[in-house]
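**Student:** compute the structure for the input listed below.
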Amino acid sequence: MIELVFSRDGKPCLRQRMGDTTLTIGRDNDNNIQLTDDDISRKHVKIERKSGRYVITDFSLNGTYLNNQQVKTSDINIGDTLTIGRWTVKVVAADKPPEETVVAHRQPTSVLNFDAQSRMIASEHIALKITTPEGKTRTSYARKTETVIGSQEGSDIEIKDAFVSRKHCRIINRNSRIILMDMGSTNGTYVDNIRVDNVSLPSEGAFRIGKTAIEYKIDRYAEPLRAYAETSLGPMIGASEAMREVFSLVERVASSEATVLVTGESGTGKDLVARLVHQMSHRMDKPFIAVNCGAIPGSIIESQLFGHERGSFTGAVERMAGLIELANGGTLFLDEIGEMPIELQTRLLHVLEAKKIRRLGGKEDIEVDFRLIAATNKDLQKMVANGRFREDLFFRLYVVPVHLKPLRERDGDTPILAEHFIRELSPSGAKAKLTDEAAKKLASHDWPGNVRELKNVIQRAILFSTLDTIGAKDISFAPSGPNIAADNKLDDHERDAIVAALVKNGGVQSKAADDLGIARTTLSAKVLKYGIDVKKCKSG
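**Tutor:** Below you'll find the model as predicted:
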């Protein structure tokens with residue numbers, strides 16, 4: 001992995017770690033890195049990862065230079081130097097990121113659902129009535145998804161019986177399905193006087209280990225959601241009670257199989273929640289497949305999700321496994337689920353019920369096992385009322401709702417997030433400090449772009465602060481809403497560039513967006529803004 005260190009007039013100002021995501025640099029505030037100098041183009045350059053290589057593509061008027069040679073497209077490597085206007089960008093090896101404390105739930109339980117109104121979490125555990133060889137009885141609870149029973153001190157459930165091994169057996173509760181596994185014990189685990197190694201059990205019954213009899217049954221219970229004690233969980237940071245409740249809910253639900261629906265405005269961190277749930281689940285070593293339902297053209301989204309057989313439609317020259325199939329064993333994250341076409345919602349519902357898919361043009365069903373997480377910034381209940389979202393699918397998704405409040409409603413989060421981004425984005429060995437005036441300016445802003453906007457604001461402030469402190473004058477906010485003073489001349493240039501890219505690519509917005517170095521969703525918004533007729537672009 002590489003890191004880009006931005007310097008101006010010989011002073012290192014900003015570092016940007018490069019992962020697998022595409023990075024755009026330019027004067028427009030839609031860029032990942034915004035450089036506002038006059039000699040920087042609105043969309044100046046794009047850096048992306050392709051087949052393990054980092055590739056730079058120039059879109060500018062004044063050029064981009066790699067090791068003092070002007071380039072249009074080229075690989076970049078550690079040790080290279082880019083020149084973009086007055087800015088020098090050094091390509092260096094990325095430092096190892098600080099370890100994030102992301103652990104499985106301290107006591108992972110089987111969460112069934114979460115009632116957002118009452119703030120109650122419904123869970124289940126296995127109640128065990130244990131009868132010792134001496135005839136004494138006690139009740140214990142297997143609250144974890146996997147509970148080890150044995151004579152060893154520190155076992156989840158400790159049994160004092162000379163005929164019970166140190167780690168005798170494991171009882172698993174997954175999705176209300178109980179599995180009993182012998183762990184290589186000396187004297188065996190017995191159900192109905194039959195020695196078993198690995199067996200599925202009914203929801204109520206009995207088994208024996210050594211000379212100890214154990215009766216069990218599934219019990220369901222509810223408890224109030226309590227705010228997390230710490231101000232961070234993995235990559236997520238927040239001191240507000242609202243965010244600490246989110247941390248607690250994420251930690252509780254991660255180890256279960258319950259479907260999670262993440263809601264909130266754009267920029268609040270819905271994708272972070274989805275990835276964190278996966279990383280803290282028992283599926284963490286399996287695939288995490290993220291699908292942006294709003295970024296895939298409606299004409300191909302079905303094929304992308306379900307896959308297709310060779311010859312199933314024009315252009316299907318070979319068999320392709322769909323994204324749902326690729327998520328088998330792991331987690332499927334459907335971002336912007338509210339953008340999914342209604343007819344596709346029906347197919348998705350069938351997959352969730354049957355746990356099977358069929359590729360386009362296929363004749364056989366394929367079994368799939370995945371954990372579903374969905375996210376949206378839309379009000380799905382209103383969409384259901386308007387007939388734009390299936391009610392039965394909504395209830396399938398609305399099992400554990402995780403709502404992320406906008407940053408303006410999260411008291412105390414802005415300062416600690418700002419400090420976090422300053423540490424993350426400052427060059428190694430350097431750390432700017434916020435003045436009191438700068439902190440007040442940040443606190444008074446209403447943050448329509450939420451945490452994503454805050455990170456961009458801090459990024460700009462680090463780039464343009466001339467001292468080791470960030471003052472109020474270094475804090476600038478991107479214009480938004482109806483009060484934007486549009487530069488008509490620049491808008492005309494942008495509109496012309498978009499039309500040219502669409503014509504070149506036969507009206508295919510994803511390809512045009514790639515050529516322009518912007519996200520497809522950004523291009524779609526600008527198509528609407530300028531009233532561009534995409535159909536006319538198809539015909540040239």
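
**Student:** quick check, central residue of this protein?
**Tutor:** The centre of the chain sits closest to residue 271, judged by CA atoms, centre = their mean, with a distance of 2.7 Å.

**Student:** quick check: bridge partners of the nearest residue to that residue once chain neighbours are set aside?
**Tutor:** Closest residue to residue 271 apart from its sequence neighbours, by CB to CB, 6 or more residues apart in numbering: residue 335 at 6.5 Å. C-beta here means a position set from N, CA and C on the backbone, and glycine is covered the same way. Beta-bridge partners for residue 335, by DSSP bridges, are residue 292.

**Student:** surely residue 335 touches residue 289?
**Tutor:** No. Between residue 335 and residue 289 there is no contact under CB atoms under 8 Å: 11.0 Å.

**Student:** just give me how far stretch 172-185 sits from the chain centre.
**Tutor:** Put simply, stretch 172-185 sits 30 Å off its chain's centre (CA atoms, centre = their mean, to the nearest Å).

**Student:** residue 244 belongs to a helix?
**Tutor:** Yes. Applying DSSP: H, G, I helix; E, B strand; the rest coil, one finds residue 244 inside a helix.

**Student:** look up how far residue 149 lies from residue 456.
**Tutor:** Residue 456 sits 52 Å away from residue 149 when distances are taken as CB to CB, to the nearest Å.

**Student:** now do residue 530
**Tutor:** Relative to residue 149, and taking CB to CB, residue 530 is found at 67 Å.

**Student:** what are the ranges of the strands in the stretch 351-500 of the chain?
**Tutor:** 356-357, 366-367, 371-376, 400-404, 433-434, 469-470 (DSSP state E, counting those that start in this stretch).

**Student:** of those strands, flag the one that's most buried.
**Tutor:** Mean neighbour count (mean count of other CB atoms under 10 Å) peaks for strand 371-376 among these, with a mean of 25.

**Student:** average model confidence for that one?
**Tutor:** Mean pLDDT, computed over strand 371-376, is 97.

**Student:** check stretch 123-142 too.
**Tutor:** Mean predicted lDDT for stretch 123-142 stands at 93.

**Student:** and if you look at stretch 168-184?
**Tutor:** Mean predicted confidence for stretch 168-184 is 90.

**Student:** send me that stretch as PDB with only the CA atoms.
**Tutor:** Taking Å, rounded to 0.1, in the frame of the first residue of the first chain, the C-alpha atoms of stretch 168-184 are listed here in PDB:
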ATOM      1  CA  HIS A 168     -15.800 -31.800  27.000                       C
ATOM      2  CA  CYS A 169     -18.400 -30.400  24.600                       C
ATOM      3  CA  ARG A 170     -19.600 -27.200  22.900                       C
ATOM      4  CA  ILE A 171     -23.200 -26.200  22.500                       C
ATOM      5  CA  ILE A 172     -24.000 -23.800  19.700                       C
ATOM      6  CA  ASN A 173     -27.000 -21.600  19.300                       C
ATOM      7  CA  ARG A 174     -27.200 -20.100  15.800                       C
ATOM      8  CA  ASN A 175     -30.500 -18.700  14.400                       C
ATOM      9  CA  SER A 176     -32.500 -20.700  17.000                       C
ATOM     10  CA  ARG A 177     -30.700 -23.900  15.800                       C
ATOM     11  CA  ILE A 178     -29.000 -25.800  18.500                       C
ATOM     12  CA  ILE A 179     -25.900 -27.900  17.700                       C
ATOM     13  CA  LEU A 180     -24.100 -30.100  20.300                       C
ATOM     14  CA  MET A 181     -20.500 -31.000  19.500                       C
ATOM     15  CA  ASP A 182     -18.200 -33.300  21.400                       C
ATOM     16  CA  MET A 183     -14.700 -31.900  21.800                       C
ATOM     17  CA  GLY A 184     -12.800 -35.100  21.800                       C
END
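
**Student:** more crowded one of residue 456 and residue 149?
**Tutor:** Legend: neighbour count by other CB atoms under 10 Å for residue 456 and residue 149, higher for residue 149 (29 against 20).

**Student:** partners of the helix or strand in which that one is found, with directions?
**Tutor:** Counting by DSSP states H and E, the element that carries residue 149 is strand 146-150. Applying DSSP bridges, strand 146-150 is found paired with strand 157-158 (parallel), strand 169-174 (antiparallel).
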